[in-house]
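K.L.:
model this:
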Amino acid sequence: MITVYDYSMPAAPPRYAELHALSAFSFRRSVAQPGDLVKQAAELGYTAVAITDECSMAGVVRAYEAARECRLKLIIGTEIHLVGGLHLILLAPSQTAYSQLCRLITRARRRATKGHYRVEPADLKDNLDAVLAIWKPEPWTDSAADPPHALADELKACFGPRLRLGATRRLQPGERLWFRDLERFASHHDLRCLACGDVRMVRREQRALLDVMTALRESKPIPECGLALKANGECHLRPRATLERIYPQAWLEETLDLAEQCRFSLSELNYRYPRELVPAPLTPAQHLRQLTLAGMRERYGEQVPDQVRKLIAHELKLIEEMGVEAFFLTVHDAVRFARSRGI
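P.N.:
Now for the predicted structure:
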């Protein structure tokens, strides 16, 4: 008998982008520091990672700093639970979408008491036309509930081709059946499915800490938390080889497609000052020059020392080169208001 040895290299694990990860800024729901999430995702060879804190952008700055160091693509998003139970992950592919998400979060937080939020179904129809959406429906397999066909039609009307279906493997009974039903449902509505980690921990070893946070949220001792506790430690960033075993290949590839559409970075942001600071049709530089010259005449009259004129000209030129006229106009507006109130 001749023994044949296989010297071929093992296949590389599939590429993957994690599009649903909560940081510790989702208070008592996650124990993963945003910077650590990014670093671990880079270490595992992920293509990208999305920070999707619940109705919040609190963790994205620290994640952005870590992503620059690791040179990993960071996606900005948020998770929301609407009134009625609808569960969505919303991602910002562009600066326009980022602005839309920030406005949605602001409205939702202002409607509720501190520490809570309220998103109404009508909010989805209000200026979210640049946002990508992942819908995570509750399983209807082995339940009395019928598949939510009407809801699928409503969400498609809101998001169109920007909508995906997402699901998470926790290695629990019935998940394979649920995935099969979800794929049938997606095919019926011409939607695509993708894998979502629903990450709450960087590594499995943080499970005990996550249980403590759950107990704090439930206001109960850990032994009394029951089903509120995670059944296992699977809600961490898992190796790609593990993901390959538990998710359909098409679902993993779909994460890459959605991640590719997300090209927004926090580096694009700069401070936007109120338009009301500058009367039309003047530019900020022209208005600042007018105010400065008026102040100069008020202080020195018509006999302005040459040294003062030269200094003002130099400083106005420097301000214009740096593009920070609006900052000085904001200070002027605050001082004017204070003086008008006798402050």
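
K.L.:
pull the CA atoms of the longest strand seen in the chain into PDB?
P.N.:
In the chain, taking DSSP state E as the definition, the longest strand is strand 73-81. Output of strand 73-81 as PDB, limited to C-alpha atoms (Å, rounded to 0.1, in the frame of the first residue of the first chain):
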ATOM      1  CA  LYS A  73     -11.800  49.900   9.300                       C
ATOM      2  CA  LEU A  74     -14.200  51.300  11.900                       C
ATOM      3  CA  ILE A  75     -17.900  51.500  11.100                       C
ATOM      4  CA  ILE A  76     -20.100  53.900  13.100                       C
ATOM      5  CA  GLY A  77     -23.600  52.900  14.000                       C
ATOM      6  CA  THR A  78     -26.200  52.400  16.700                       C
ATOM      7  CA  GLU A  79     -28.600  49.700  17.900                       C
ATOM      8  CA  ILE A  80     -32.200  50.700  18.700                       C
ATOM      9  CA  HIS A  81     -35.300  48.900  20.100                       C
END
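
K.L.:
give the pairing partners of the very next helix or strand once past it; include direction for each.
P.N.:
Later in the chain than strand 73-81, the nearest helix or strand by DSSP states H and E is strand 87-91. Strand 87-91 pairs in its sheet with strand 73-81 (antiparallel), strand 132-135 (antiparallel), by DSSP bridges.

K.L.:
make a markdown table out of those and add mean pLDDT and distance to Ile246.
P.N.:
Bear in mind the C-beta positions are built from the backbone N, C-alpha and C, glycine included. Below are the strands paired with strand 87-91 laid out as a markdown table (pLDDT from 0 to 100; distance: least, Cβ to Cβ, whole Å):
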| stretch | mean pLDDT | distance to Ile246 |
| --- | --- | --- |
| strand 73-81 | 98 | 21 |
| strand 132-135 | 98 | 18 |
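
K.L.:
and of those, who's closest to Ile343?
P.N.:
The closest of these to Ile343 is strand 73-81. By Cβ to Cβ, the value is 38.6 Å.

K.L.:
now do the buried residues in that closest one.
P.N.:
By neighbour count on 16 or more other Cβ atoms under 10 Å, the buried set for strand 73-81 is 73-80.

K.L.:
out of the strands paired with strand 87-91, nearest to Cys225?
P.N.:
The closest of these to Cys225 is strand 73-81. By Cβ to Cβ, the value is 19.8 Å.

K.L.:
contacting residues around Asp126?
P.N.:
Residues near Asp126 by Cβ atoms under 8 Å, 6 or more residues apart in numbering: Leu104.

K.L.:
same thing with Tyr64?
P.N.:
74, 265-267.

K.L.:
over to Val49?
P.N.:
Counted by Cβ under 8 Å, 6+ apart, Val49 has contacts 17-18, 21, 37-38, 41, 63, 67, 72-75.
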